[in-house]
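Colleague: missing the sequence, but the structure's below:
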């Protein structure tokens, strides 16, 4: 009768084995579902990471462009500053040249003023001499045009 007992334990072992196999299968199916949801989560994370990466690339491109623009602006400002410094130096040289010319012109003015005074003094002297000559001739009765004076003509006809 042992064979009947051995037969009875076999179905119990078979049932337990079957239950263990079903539990293992259920666990594997649950793990597969978890792997699917994990794969979906990984895909979402990779998609988000790609979006973030594209955003970072875009931001870096924007910053590089801004850096280039700032460098261009710095270069332009440096060039303008250099141009203005050159212009200031040119103007300073022109000022020095004009100051030197002003000093030369002031010396010329002083010399011309002195010469003008001398010429005016000579003109006044000549004019005074001319008046003296004219007055002297008037006392003698001779007009400047060579015609005898009316008083001279009367004196000449009265003497005759």
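Modeller: Received it, and whenever you're ready, just let me know what you need. Only a predicted model underlies this, so the values are computations on that prediction, with no experimental measurement involved.

Colleague: for stretch 100-114, what is the distance to the chain centroid?
Modeller: Its chain's C-alpha centre and that of stretch 100-114 lie 41 Å apart, by CA atoms, centre = their mean, to the nearest Å.

Colleague: any idea how far residue 69 is from residue 76?
Modeller: Between residue 76 and residue 69 the computed distance is 10 Å (CB to CB, to the nearest Å). For the C-beta atoms, the positions are set from N, CA and C on the backbone; glycine is no exception.

Colleague: ok, now residue 77?
Modeller: 12 Å.

Colleague: now residue 92
Modeller: Residue 92 is 34 Å from residue 69, by CB to CB.

Colleague: now do residue 140
Modeller: Relative to residue 69, and taking CB to CB, residue 140 is found at 101 Å.

Colleague: kindly report the same for residue 107.
Modeller: 57 Å.

Colleague: just the helices from this structure, written as ranges.
Modeller: Ranges of helices within the chain are 2-140, 150-159, based on DSSP state H.

Colleague: any idea which of the ones you listed scores lowest on pLDDT?
Modeller: Ranked by mean pLDDT, those bottom out at helix 150-159, which scores a mean of 48.

Colleague: sorry, back to before: for the helices of the chain, give me CSV that also has mean neighbour count.
Modeller: CSV is the format used below for the helices of the chain (neighbours: other CB atoms under 10 Å):
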stretch, mean neighbour count
helix 2-140, 10
helix 150-159, 10
